[in-house]
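>>> quick one, what's the 3D model for this:
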Amino acid sequence: MILYFTGTGNSRYIAKRIAEALGDELLSMNDRIKAGDTSPVTSDERLVIVTPTYAWRIPRIVRDHLAETDFPCARQAWFVMTCGSEIGSADTYNRMLCQAKGLVCMGTAQIVMPENYIAMFNAPHVDEARQIVAAAQPSIDRAIAAIRAGQPFAPTRNNLYDRFMSGPVNPVFYSCFVRADAFTVSNACISCGQCARRCPANSIVLRDGKPVWSENCTHCMACICYCPAEAIEYGKKSLGKPRYHFESLQTSPKTIQNTGGHSMQREFAFLIVHSMLHLFGYDHIQEQEAAVMEGKQREILECLNILR
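This is a model prediction of the structure:
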């Protein structure tokens, strides 16, 4: 079983890579957390948890969900953590969680992926983000190989700095920085509701067509990075910064150099149709939603007679 949580797609991408390579089932913690579903998860003995790094540990929202969920058949757990730079001594806390769950911790793999935390840092532009993802492939392959062989991951760095960041800094970071009151929305908002649908913590509601944030925000950055109108800001900290989500690497016009036989006209038409469907409330977060959206895309392109 491959269990994942994602804010802007990095962890989902890696979870899918692992699931495809190992032939394992993929399960979204986002969906379960949003639905308040803590029912037991039945899997084989192997459990792989793919998650971002928040303040040098796994996100608290993930920790709490795992703590409240039973895994009756699981015996071993591998953690794969995406990060913009480093995970500190997160492995120490992952091992504590496993011990509490009666699981054998097989270690933690660090995978550096494009930064999305624009409430504090800068996200990369598309070309740089693609280079970061390309550089991550050997680390992903090594993680897959270890899991397939039933071997533990190589130990992660655990020096004084790492212990300090994952230890005392983590709770201070949450207390001082993980707040929703700095989120604002401009008149550019188109009331599509995508921010509320993507929020795993159910922290966003629409009032008069505009998002309003509650205090249980987990700072996943899904709302601000997926907003199709770029109408959301985080105070002044996000002003002028690129918005990053993994799908942008696949749909940016820069990718239309190798189009699989499609014309430039078809590729640009696809991008426009895809974006407009998002504005009308369609999405591809879940498989059923994706099937509906892809069907609509094909139908519209066929009506326009733009096939190649």
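
>>> when you work out contacts or count neighbours from here on, use the C-alpha atoms and nothing else.
OK.

>>> where's F177 relative to P168, distance?
Using C-alpha to C-alpha, to the nearest Å, we find F177 at a distance of 14 Å from P168.

>>> neighbour count winner among those two?
For F177 versus P168, the count of surrounding residues by other C-alpha atoms under 10 Å is larger for F177: 14 against 10.

>>> contacting residues for the residue nearest to S191 when sequence neighbours are not counted?
Using C-alpha to C-alpha, 6 or more residues apart in numbering and skipping the chain neighbours, the partner closest in space to S191 is G209 (4.9 Å). Taking C-alpha atoms under 8 Å, 6 or more residues apart in numbering, we find G209 in contact with 190-191, 193.

>>> ok, and the most crowded of those residues?
Each of the contacts of G209 was scored for neighbours by other C-alpha under 10 Å, and G193 scores highest at 21 neighbours.

>>> you'd agree that one is up against D283?
No. Assessed by C-alpha atoms under 8 Å, G193 is found out of contact with D283, at 10.8 Å.

>>> what mean pLDDT does stretch 99-108 get?
Throughout stretch 99-108, pLDDT has a mean value of 98.

>>> then stretch 158-171?
For stretch 158-171, the per-residue pLDDT averages 96.

>>> one more: stretch 274-291?
Rounded mean pLDDT across stretch 274-291 is 71.

>>> got the end-to-end distance for that stretch?
Terminal-residue distance, stretch 274-291 (C-alpha to C-alpha): 13 Å.

>>> just stretch 93-108 next, same as before
10 Å.

>>> go through that stretch and flag the buried ones.
Residues of stretch 93-108 classed as buried: 94-95, 97-98, 101, 103-108 (neighbour count, 16 or more other C-alpha atoms under 10 Å).

>>> okay, now the nearest residue to P59 once chain neighbours are set aside: neighbour count?
Distances taken as C-alpha to C-alpha, 6+ apart place T53 nearest to P59, at 6.4 Å, with adjacent residues excluded. Close neighbours of T53, defined as other C-alpha under 10 Å, add up to 23.

>>> ok, T53 touching I61?
No. With contact defined as C-alpha under 8 Å, T53 and I61 do not form a contacting pair (11.5 Å).

>>> overlap in contacts, the two.
By C-alpha under 8 Å, 6+ apart, no residue touches both T53 and I61.

>>> show me what contacts the residue nearest to P59?
By C-alpha under 8 Å, 6+ apart, T53 lies in contact with 59, 81-83, 87.

>>> could you check how far it is from C195?
Relative to C195, T53 is positioned 21 Å away (C-alpha to C-alpha).

>>> ok, now G36?
Distance from G36 to C195, counting by C-alpha to C-alpha: 18 Å.

>>> neighbour count for those two, which is higher?
Set G36 next to C195 and count neighbours by other C-alpha under 10 Å: C195 wins out with 26 against 13.

>>> and the more buried one, how far from T8?
From C195 across to T8, the span is 12 Å (C-alpha to C-alpha).

>>> joint contacts of those two?
Common contacts of C195 and T8 (C-alpha under 8 Å, 6+ apart): 222, 226.

>>> related to what we said a few turns ago, restricted to helices, list the buried residues of stretch 93-108.
Counted as lying in helices by DSSP state H, out of those, are 94-95, 97-98, 101.

>>> got TSV for those, with distance to P124 too?
Below are those laid out as TSV (distance: C-alpha to C-alpha, whole Å):
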residue	distance to P124
N94	29
R95	32
L97	33
C98	34
K101	37
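
>>> quick check, nearest of those residues to A119?
N94 (25.5 Å; C-alpha to C-alpha).

>>> which residues does that closest one contact?
Listed by C-alpha under 8 Å, 6+ apart, the contact set of N94 reads 58, 79, 105, 108.

>>> I figured the first one hits P52, correct?
Same thing as I58. Yes. When contacts are counted by C-alpha under 8 Å, I58 is listed as touching P52 (6.4 Å).

>>> more neighbours, the two?
Between I58 and P52, counted using other C-alpha under 10 Å, P52 has the larger neighbour count: 30 against 24.

>>> that one bridge partners, please.
In this entry, P52 is beta-bridged to T82, by DSSP bridges.

>>> so how far is R63 from it?
Note on P52: its distance to R63, by C-alpha to C-alpha, is 12 Å.

>>> same deal with E115?
As for E115, its distance to R63 is 21 Å (criterion: C-alpha to C-alpha).

>>> ditto for I147
Relative to R63, and taking C-alpha to C-alpha, I147 is found at 21 Å.

>>> what's the answer for T92, then?
T92 sits 13 Å away from R63, going by C-alpha to C-alpha.

>>> report pLDDT for the nearest residue to R243 once chain neighbours are set aside.
Setting aside the residues directly before and after it, R243 is nearest to C225 in space (C-alpha to C-alpha, 6+ apart), at 4.8 Å. Listed pLDDT for C225 reads 98.

>>> sounds good, over and out.
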